[in-house]
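Q: Sequence plus predicted model, see below.
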Amino acid sequence: MKGRGGTAGGSEILGRMSTPPDGLPVYRVLTGPDDAAFCRRVSEALALGYELHEGPAVTFDGERVVVAQAVLWPRGT
């Protein structure tokens with residue numbers, strides 16, 4: 001995908017690891033307000049080698065938009 005080209009090199013190397021780095025879980029759900037900090041957290045997970053699982057879930061808590069994005073560690077060989 002062209003949109004992920006900036007992190008592809010690092011992701012390809014890390015994606016070969018059988019488990020995520022630093023003891024992180026294979027499956028993660030990132031949640032938070034729909035802001036730049038949330039987008040950075042998702043971007044950091046992608047840079048580590050995680051892949052998006054489906055699209056995000058979006059809701060409104062009465063004050064702000066809240067987003068949830070699941071990420072999965074790829075099953076390597």
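A: Nice, thanks for sending it over. Numbers count the residues shown, from 1 in each chain.

Q: From now on I want contacts and neighbour counts done on CA atoms only, so please keep to that.
A: OK.

Q: Pass me the low-pLDDT residue ranges in the chain, would you?
A: 1-16, 77 (pLDDT under 70).

Q: 90 instead?
A: 1-18, 75-77 (pLDDT under 90).

Q: Can you name the element that comes right after the strand ranked longest in the chain?
A: For the chain, the strand reaching the highest residue count under DSSP state E is reported as strand 51-60. Past strand 51-60, further along toward the C-terminus, the next helix or strand under DSSP states H and E is strand 65-72.

Q: Which positions in that following strand come out as buried?
A: Using 16 or more other Cα atoms under 10 Å as the test for burial, strand 65-72 gives Val66, Val67, Ala68, Gln69, Ala70, Val71, Leu72.

Q: nearest spatial neighbour of the last one, skipping sequence neighbours?
A: So that's Leu72. In this structure, Leu72 finds its nearest non-sequential neighbour in Tyr27, 4.8 Å apart by Cα to Cα, 6 or more residues apart in numbering.
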